[in-house]
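Asker: The following block contains a protein sequence and its predicted model.
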Amino acid sequence: MQLYKKIVLVLVVLVGVATSPIYAADSSTVLVTGANRGLGLVWVEKYVERGWNVIATARKPAAAVELKALAERTGRVRIERLDVTDAKSVAALARELDGVPVDVLINNVGMLGDEAGQKFGALDPQQFDTFMRVNALGALLVTEALMPNLRAGKQKKVAGISAVVASFDVYPRIHHGLYYYKASKVALNMILRNIALDGEPDGIAVAVLSPGVVNTSGAPENRDRMSPEMRRSMIDIDTSINGMIDVMDNLTIEGSGKWYRYDGSIIPW
Ligand SMILES: NC(=O)c1ccc[n+]([C@@H]2O[C@H](COP(=O)([O-])OP(=O)(O)OC[C@H]3O[C@@H](n4cnc5c(N)ncnc54)[C@H](OP(=O)(O)O)[C@@H]3O)[C@@H](O)[C@H]2O)c1
C-alpha cells in the first residue's frame, strides 16, 4: 500500500475511535443509583475497572465531583440525574435511556438517618414517609420504569441494597430502635421478592443484597450504640463491593428473590 494511503487509513481509524460512542458494543452495562458517594461510588469504580459501561445516577450531578472525575478519566461512565422518590424524575430517566439495554440494575440509594430520631419519645411521623419513599418506593419506581431496558439487556439482573437489621431472625433482638430504617428495609425486601416474581417470565433475576457494616456516611453513626457483634462485623468497602459483585455475577433465575450477604451466604428473612 502506498504511504499516503496508509496515512489516510490510520487517520480514518483514529477519527472513528475519537467520535465513537463511549459504549463499546460488546461491554455489559450496569446502572447504579445514588452513585455520587459511599457504596454507590465504589460500585461504579469496580464495574469500570472490570471494563463495564456504567450509567451512574445522582440527585445533583453538578456536585458529584468524584463521579465526574471518574467519568472524565475513563470515558465509561454516563451520569444521569435521578431523585428516586420523584416519579417525574424517574420517568425522565426512563425517557433519557429509551432503547438503552441495561444488563444489571443496582438500586443502591438508601438512608439510615439519625438514630436518635428513630426511637420512642422522638418519633416524627413525617420522617417515616421519607424513609419509606427513599428506601422502599424508590427501588420499585426505578425498576418498574427500567423494565424495558432490563428486558433488552443480556444479563437481566436487579439488586436492591437491604440491611441485615431488617431480618426478623438476625438482629432485632440485639439492636434497638431504628424503627423507620428497619421497617423501610423490610418493605424493600418484599418489594424485591415481588419484582422477582414479576421478572421471572422475562428471565430477570433479582437479588436482595446486604453489604455488611461498612464505614460510609450511611453507616451507623454512633458506634457506642452498636452491639459488640455489629462492631465486630464491620468490613472494608472493597470487601463489601467485591463480594456483592460476585453475588451478582453468580446470580441465576433459580437463585432469584433470595437475600444474600456480601459473602454470598443466605440471610434468613
Ligand atoms: N454503609 C453501611 O454499613 C450499610 C449497611 C447496610 C445497608 N446499607 C445500604 O447500602 C446503600 C448505600 O449505603 P451508603 O452507606 O453508601 O449510604 P450513603 O453514603 O448515605 O449514600 C447514600 C446515597 O443515596 C443517595 N440518595 C439518598 N436519597 C436519595 C434520593 N431521594 N434520590 C436519589 N438518591 C438519593 C445519596 O445521594 P445524596 O448525596 O444526594 O444525598 C447517596 O448517593 C443504602 O441503601 C444503605 O441503606 C449500607
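Answerer: All right, it came through fine.
Asker: Tell me who's in contact with residue 98.
Answerer: residue 148 (CB atoms under 8 Å, 6 or more residues apart in numbering). Any C-beta I mention is one placed from the backbone N, CA and C, and that applies to glycine too.
Asker: Name the next helix or strand downstream of the helix or strand of the chain with the lowest mean pLDDT, please.
Answerer: The weakest-scoring helix or strand in the chain, judged by mean pLDDT, DSSP states H and E, is helix 3-19 (a mean of 47). Counting by DSSP states H and E, the next helix or strand C-terminal to helix 3-19 is strand 29-32.
Asker: The helix or strand just after that following strand and the ligand, are they touching?
Answerer: Next in sequence after strand 29-32, counting helices and strands by DSSP H and E, comes helix 38-49. Yes - interface with the ligand: helix 38-49 contributes 38-40 (CB under 6 Å from any ligand atom).
Asker: for stretch 251-269, same thing?
Answerer: No - judged by CB under 6 Å from any ligand atom, stretch 251-269 makes no contact with the ligand; its nearest approach is 9.6 Å.
Asker: Also stretch 231-244?
Answerer: No - Stretch 231-244 stays clear of the ligand (CB under 6 Å from any ligand atom), getting no nearer than 7.9 Å.
Asker: can you give me the mean pLDDT across that stretch?
Answerer: Average pLDDT, stretch 231-244: 92.
Asker: So what touches it?
Answerer: Outside stretch 231-244, the residues touching it (CB under 8 Å, 6+ apart) are 39, 42-43, 46, 159, 209, 211-216, 219, 223, 260-264.
Asker: For it, could you pull out the residues that count as buried?
Answerer: Going by neighbour count (16 or more other CB atoms under 10 Å), the buried part of stretch 231-244 is 237, 240-241, 243-244.
Asker: again with stretch 58-66
Answerer: Those would be 58-59, 61, 64, for stretch 58-66 by 16+ other CB under 10 Å.
Asker: What average pLDDT does it get?
Answerer: 98.
Asker: Can you tell me which of the residues of helix 38-49 next to the ligand has the most neighbours?
Answerer: residue 40 (26 neighbours; other CB atoms under 10 Å).
Asker: Check the gap between that residue and residue 217 for me.
Answerer: 11 Å (CB to CB, to the nearest Å).
Asker: How about residue 234?
Answerer: Residue 234 is 15 Å from residue 217, by CB to CB.
Asker: and residue 129, what element?
Answerer: Per DSSP H and E: helix 125-131 holds residue 129.
Asker: Whichever helix or strand comes after that helix packs against which elements?
Answerer: The helix or strand immediately downstream of helix 125-131 is helix 138-145, counting by DSSP H and E. On a contact count with 3 or more CB pairs under 8 Å, 6 or more residues apart in numbering; DSSP states H and E, helix 138-145 meets helix 87-96, strand 104-107, helix 179-199.
Asker: So what's the gap between stretch 179-196 and the chain middle?
Answerer: 15 Å (CA atoms, centre = their mean, to the nearest Å).
Asker: buried stuff in it?
Answerer: Within stretch 179-196, judged by 16+ other CB under 10 Å, the buried ones are 179-189, 191-193, 195-196.
Asker: ok, which of the residues you listed also contact the ligand?
Answerer: Answer for these near the ligand: none qualify (CB under 6 Å from any ligand atom).
Asker: For residue 145, state which of those is nearest.
Answerer: Comparing those against residue 145 with CB to CB places residue 195 closest, at 12.2 Å.
Asker: in terms of contact, does that closest one touch residue 143 like I think?
Answerer: Yes - contact criterion CB atoms under 8 Å: residue 195 and residue 143 qualify, at 5.5 Å.
Asker: got any residues that touch both of these two?
Answerer: The contact sets of residue 195 and residue 143 overlap at residue 158 (CB under 8 Å, 6+ apart).
Asker: returning to that earlier point: could you point out which of the buried residues of stretch 58-66 is nearest to residue 121?
Answerer: residue 59 (31.2 Å).
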